[in-house]
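Asks: I'd like to go over a predicted model; first the sequence, then the structure.
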Amino acid sequence: MEDTGSPKLDLMAVLPRLTQLGTVLNRSHLVERAMESAGITLDRPAMTVLVTLHMADRPLRVGEIAERMQVVGPHVTRHLNGLERRGLVVRIADPDDQRARLIELTPDGKTIPDRYLRTLLGWFGDAMTDWSEEDRKIFGALLGRFVDDLTTRLAVVDDDETAGG
């Protein structure tokens, strides 16, 4: 087994906890339960599109939405068409390029991710109710750093595999 570079962190002890977290998030149907609790009748990918736009806090191009969701553009376009038919998003001209379109949440489209996130974050907050403010800050910072670093590392691995390495 490769040296992890840190004698104080036993990655073999962390791995089962990461696996357990993934299982809890997937098997508990957390997303679906939060949507149901918030009275939302969308499929998961459509909800992800709305949350992505909500978190961006500005209109985005389809490619930007796809990149943030880590999917391909046609996948996003399919869901945008349905969301547009429901009056939850609109396509507007890009002020920097009149040929391009941006996707913007409508007033109705803004309420849905807000309700969903309030529900989900309420559950997360309840789970950490006994945590100190400092513990919450450290957890957020370390989790963000870990996800960013792992994403970067896996992109390098993907590039190596694509290049035949």
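Replies: Arrived safely, thanks for sending.
Asks: for the biggest strand by length in the chain, list the C-alpha coordinates in PDB.
Replies: In the chain, taking DSSP state E as the definition, the longest strand is strand 97-105. This file holds the C-alpha atoms of strand 97-105, laid out as PDB (Å, rounded to 0.1, in the frame of the first residue of the first chain):
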ATOM      1  CA  ASP A  97     -23.200  38.100 -26.800                       C
ATOM      2  CA  GLN A  98     -26.700  38.600 -28.300                       C
ATOM      3  CA  ARG A  99     -26.500  35.300 -30.200                       C
ATOM      4  CA  ALA A 100     -26.200  33.400 -26.900                       C
ATOM      5  CA  ARG A 101     -28.900  32.700 -24.300                       C
ATOM      6  CA  LEU A 102     -28.700  32.700 -20.600                       C
ATOM      7  CA  ILE A 103     -31.000  30.700 -18.300                       C
ATOM      8  CA  GLU A 104     -32.700  32.600 -15.500                       C
ATOM      9  CA  LEU A 105     -35.000  31.500 -12.700                       C
END
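Asks: can we start the residue count at 56 from this point?
Replies: Sure, I'll start counting at 56 from here, so that last one is strand 152-160.
Asks: the helix or strand following it: which residues count as buried?
Replies: Toward the C-terminal end, the helix or strand that comes next after strand 152-160 (DSSP states H and E) is helix 162-182. Of the residues in helix 162-182, 164, 166, 167, 168, 170, 171, 172, 174, 175 count as buried by neighbour count, 16 or more other Cβ atoms under 10 Å. (Glycine included, C-beta is placed from N, CA and C.)
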